[in-house]
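pasting a predicted model and its sequence here:
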Amino acid sequence: MTSALDSVIDQVDNNNLNLVRFLFCDTANIIRGKTSSAKTLRNRLQTGIGLVKGSVAVNLIDEPQSDTGYGATGEVRLVPDLKTFHILPYAPASGMLICDMVELNKEPWALCPRTILKRMIARCLEAGVKVKAAFEPEFLLGKVDVDQFVPIDRSNCFSTEGMNRAANFINEFVTALSSQGLTIEQYYPELGHGQHELSIRHAYALDAADNHIIYRETLRGVATRMGLVASLAPKPSPEWPGNGCHLHLSLWDANSNTNLMASEDGLSQMGRYFVAGLLKHLPAVVAVTCASTNSYKRLLPKSWSSAYTCWGYENREAAVRVPSLYWGHEAESTNVEVKCVDSSSNPYLALTAVIAAGMDGIAEKLEPPEPVSSDPSQLSDEESARKGVRRLPRNLSEALEALEGDSVIREALGEEYVKVYLAVKKSEWQRFGKLHAEEEARIHFLRY
């Protein structure tokens, strides 16, 4: 029988690849990596590739935060997960693998975001629960002309004009995603000029996070190959609608493969507990799911981006939405959507924080407040108090303060990692928090 390692080598040889990228996603949600030549790949798959530990403490403009204790000394190995191997459809003679960071003694590194999610998945399995999830990104597409972004279309939301303008790119994007095993669910032009949304099929939690990495790499890779620019930045310009990356999530019995959130009443008791836990911890969770200074330019009332700690059925102003069900697939399509998520968040950390909050609600049997069926910004003070509606943090600094005060989310991420995360994100707040909005948006447009 062919081993997984031999299978990767065979694919590299049979497709005449020259290079294979070893990828990881860092604290600032920048996808980084090192590359092995095809000739040395067999050895690198067995030994991994060295990476300085200080990489975990670098912010989005490559400023290392050495006060974390992580700098130029100490090393881990990038060890690839062989099942993540794909031939890159947008880079000639190249492949990729998603990696874990592993200590030199071959133990998982506690500060590896992918390992942090694996740890949370293991805790869920101990409770008899598997998590399925899908990220739902929005992005801008266009060209840059003398440093000015020119959107590929200026159409209306959902319009066929927008579909026509972007058709060549979207078809290339779909083909590229499909070649890497991702299944496309829906596509449509969004509200902003040049803004589009293409969603992919849900998967178990680790695969869902890996899929989002593949999605991001493919989006920008295909755009570059076609002479276009794509950005997933939360608020690419003060004048434009923001790019969300809503997170859909459901809980499944680990043994019977039954959706534990499903109920004839719309959401099961376990689902209600999960929502209650999520709402309780949401101010701290957004420090991870809305992870940039730019995020809070999007997270505003009356913008369908969920600026309040509330939940509701089909309420797109609620931070946690219970979507309508698909006819004939009611049980399996039951899920909750977390709207206060964007693509400046590391998907492994975002999923960890959301799952930890919800599972705490289950463990404590927390009951959610009554659902909100209107715009939460229009509720009276009395109604807001009764329904537990609070304004989410207004900036990254407030969110980081909430994270520092939340023992459940800190424990899920790991205290040592939280120390690094806070240092990196506080450095970004100091660097970008007081910049002119246009300059702050420009930097994030380029990074994400």
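Done, it's in. As the structure is a computational prediction, the values presented were derived from the model and not from experiment. Residues are numbered from 1 along each chain as shown.

so which residues of the stretch 201-350 of the chain form helices?
205-225, 269-289, 295-298, 330-333, 347-363 (DSSP state H, counting those that start in this stretch).

show me the contacts for the residue nearest to residue 235 when sequence neighbours are not counted.
Of all residues not flanking residue 235 in the chain, residue 297 sits nearest, at 3.7 Å (Cβ to Cβ, 6 or more residues apart in numbering). Every C-beta, even on glycine, is put in place using the N, C-alpha and C of the backbone. Neighbour list for residue 297: 234-235, 238, 242, 437, 440-441 [criterion: Cβ atoms under 8 Å, 6 or more residues apart in numbering].

buried subset of these as a PyMOL selection?
Remark: buried members of the contacts of residue 297, expressed as a PyMOL selection using 16 or more other Cβ atoms under 10 Å:
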select buried, resi 234+235+242+440+441
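
which of the contacts of residue 297 fall in strands?
Among the contacts of residue 297, no residue falls in strands (DSSP state E).

surely residue 76 is in a strand?
Yes - assessed with DSSP: H, G, I helix; E, B strand; the rest coil, residue 76 lies in a strand.

next, the residue lying closest to it once chain neighbours are set aside: secondary structure please.
Spatial nearest neighbour of residue 76, excluding adjacent residues (Cβ to Cβ, 6+ apart): residue 101 at 4.5 Å. Using three-state DSSP, the structure places residue 101 in strand.

domain ranges for the chain, per the record?
Using automatic domain parsing, the domain parsing of the chain gives 4-108, 119-447.

ranked by average pLDDT, which of those falls at the bottom?
Among the domains of the chain, domain 119-447 has the lowest mean pLDDT, at a mean of 90.

deepest of the domains of the chain, which one?
Highest mean neighbour count among those (mean count of other Cβ atoms under 10 Å): domain 119-447, with a mean of 19.

bridged to the residue nearest to residue 76, which residues?
residue 78 (DSSP bridges).

tell me how far it lies from residue 27.
Distance, residue 101 to residue 27, by Cβ to Cβ, to the nearest Å: 12 Å.

same question for residue 160.
41 Å.

the stretch 101-250 of the chain: strands as residue ranges?
Secondary structure of the stretch 101-250 of the chain by DSSP state E, counting those that start in this stretch: the strands cover 129-145, 148-151, 184-189, 195-200, 203-204, 229-231, 245-253.

tabulate the ones you listed (TSV), appending distance to residue 117.
Shown next, in TSV, are these (distance: least, Cβ to Cβ, whole Å):
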stretch	distance to residue 117
strand 129-145	10
strand 148-151	33
strand 184-189	22
strand 195-200	18
strand 203-204	11
strand 229-231	25
strand 245-253	13
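
rewinding a little: so which of the helices of the stretch 201-350 of the chain is nearest residue 114?
helix 347-363 (5.1 Å; Cβ to Cβ).

next, the angle from that closest one to strand 129-145.
140 degrees (axes from the mean of the first three to the mean of the last three Cα atoms, to 10 degrees).

ok, residues contacting the following helix or strand past helix 347-363?
Toward the C-terminal end, the helix or strand that comes next after helix 347-363 (DSSP states H and E) is helix 381-386. Residues from elsewhere that reach helix 381-386, judged by Cβ under 8 Å, 6+ apart: 369-370, 376, 389-390.

let's have those residues in a markdown table, adding distance to residue 176.
Below are those laid out as a markdown table (distance: Cβ to Cβ, whole Å):
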| residue | distance to residue 176 |
| --- | --- |
| 369 | 43 |
| 370 | 45 |
| 376 | 39 |
| 389 | 42 |
| 390 | 42 |
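
check contacts around residue 41.
By Cβ under 8 Å, 6+ apart, residue 41 lies in contact with 8-9, 12, 20.

how about 7 Å then?
With contact taken as Cβ atoms under 7 Å, 6 or more residues apart in numbering, residue 41 is in contact with 9, 12, 20.

what of residue 102?
Contacts of residue 102 by Cβ under 7 Å, 6+ apart are 48, 76-77, 79, 108-109.

which of these sit farthest apart?
Greatest spacing in the contacts of residue 102, by Cβ to Cβ: 48 and 108 (12.3 Å).
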